[in-house]
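Enquirer: Next one to model:
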Amino acid sequence: MATAVNEMGAGIHEVSGNTHQVSAEANNATENAHEVTNTFNLAMSEIAALATNVETSADVISTLEEEANGIVSVL
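Expert: Numbering: from 1, shown residues only. This next block holds a predicted model:
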């Protein structure tokens, strides 16, 4: 009977240890998910800024083309 109680206690201790390990891994996964989310959000902001810069550049090029055409027509 004592052996069975000792084995049960060891089993409970092992389950407890495994539970703590799983909990730590879950917390680690959550932290990693937050990190990925932050990185994704930063990338999206950078892409939006790049898109704005490309649009601005296109407008400047269009204006330059119009002015160049005006100069050519004067010549």
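Enquirer: Could you report the neighbour count for Ala43?
Expert: Residues lying near Ala43 (other Cβ atoms under 10 Å) number 10. The way it works is simple: take the backbone N, C-alpha and C, and place the C-beta from them, glycine included.
Enquirer: which element is it on?
Expert: Assigned by DSSP states H and E, Ala43 belongs to helix 2-74.
Enquirer: Do me a favour and average the pLDDT over that helix.
Expert: Mean pLDDT, helix 2-74: 93.
Enquirer: now it: how far from the chain's centre is it?
Expert: 0 Å (Cα atoms, centre = their mean, to the nearest Å).
Enquirer: Kindly export stretch 57-75 (C-alpha atoms) in PDB.
Expert: The C-alpha trace of stretch 57-75 is given here as PDB (Å, rounded to 0.1, in the frame of the first residue of the first chain):
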ATOM      1  CA  SER A  57       7.100  61.200 -56.000                       C
ATOM      2  CA  ALA A  58       4.600  60.500 -58.800                       C
ATOM      3  CA  ASP A  59       3.000  63.900 -58.300                       C
ATOM      4  CA  VAL A  60       6.400  65.600 -58.500                       C
ATOM      5  CA  ILE A  61       7.300  63.700 -61.600                       C
ATOM      6  CA  SER A  62       4.000  64.600 -63.200                       C
ATOM      7  CA  THR A  63       4.500  68.300 -62.400                       C
ATOM      8  CA  LEU A  64       8.100  68.200 -63.700                       C
ATOM      9  CA  GLU A  65       6.800  66.600 -66.900                       C
ATOM     10  CA  GLU A  66       4.200  69.400 -67.400                       C
ATOM     11  CA  GLU A  67       6.900  72.100 -66.700                       C
ATOM     12  CA  ALA A  68       9.300  70.400 -69.100                       C
ATOM     13  CA  ASN A  69       6.700  70.300 -71.800                       C
ATOM     14  CA  GLY A  70       6.000  74.000 -71.200                       C
ATOM     15  CA  ILE A  71       9.700  74.800 -71.600                       C
ATOM     16  CA  VAL A  72       9.900  72.700 -74.800                       C
ATOM     17  CA  SER A  73       6.900  74.500 -76.300                       C
ATOM     18  CA  VAL A  74       8.500  77.900 -75.600                       C
ATOM     19  CA  LEU A  75      11.700  76.800 -77.300                       C
END
